[in-house]
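# the sequence and its predicted three-dimensional model are supplied below.
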Amino acid sequence: MTDILFSHTDKVRDSEVDMHRGVNNSIYLQYLQHARHEFLRAAGVDIDVYVPVVMEAHIKYQAFLTANDTYRVDIRVTRDNLTWHFLSDIVNLGTGKVAVSSDLHVVFFKDKRPSRDAVLTLSDSAL
């Protein structure tokens, strides 16, 4: 397992829950995208030049977040040729439980073509 490279904390908004006060499964994808983009910006990646496109998503829903829960998205990254694997957990800070685990396969596009550039610098152990 690679080390956590970035963590992003946020709170569930009322508009993100259904009538049972639980977060809709599709909203978790938005949480993952927002945290991923915050990580890339913090790492100095211009996402207007290197556009990250999710090509495949593996998501395991483990526990629901509800209205007003505070959560943290922990991001780890590995690379396999053209594909970057964003391994992320969404953790409910109130309970400490993992709400979602994911492996998102991302390809960076530059000038509308897949890029093999070293968009991120990862330690040898992460590659």
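Nice, thanks for sending it over. Residues are numbered from 1 along each chain as shown.
# pull up the gap between residue 97 and residue 66, please.
12 Å (CB to CB, to the nearest Å). Every residue, glycine included, has its C-beta placed from N, CA and C.
# now residue 57
In terms of CB to CB, residue 57 sits 23 Å off from residue 66.
# show me where the protein has its strands.
For the chain, the strands defined by DSSP state E cover 6-11, 51-61, 70-80, 83-92, 98-110, 113-114.
# winner for burial among these?
Greatest average neighbour count among the strands of the chain goes to strand 83-92 (a mean of 21), per mean count of other CB atoms under 10 Å.
# how about low-confidence regions in this protein?
Low-confidence segments of the chain (pLDDT under 70): 1, 123-127.
# doesn't residue 69 make contact with residue 14?
No - between residue 14 and residue 69 no contact is recorded; they are 11.5 Å apart, counting by CB atoms under 8 Å.
# once you drop chain neighbours, what's closest to the spatially most central residue of the chain?
Residue closest to the mean C-alpha point of the chain, counted by CA atoms, centre = their mean, is residue 32 at 3.4 Å. Ranked by CB to CB, 6 or more residues apart in numbering and with sequence neighbours excluded, the top spatial neighbour of residue 32 is residue 88, at 5.5 Å.
# wait, doesn't the one you found sit right on residue 75?
Yes - assessed by CB under 8 Å, residue 88 is found in contact with residue 75 at 5.1 Å.
# which residues are in contact with each of these two?
Common neighbours of residue 88 and residue 75, counting by CB atoms under 8 Å, 6 or more residues apart in numbering, are 35, 36.
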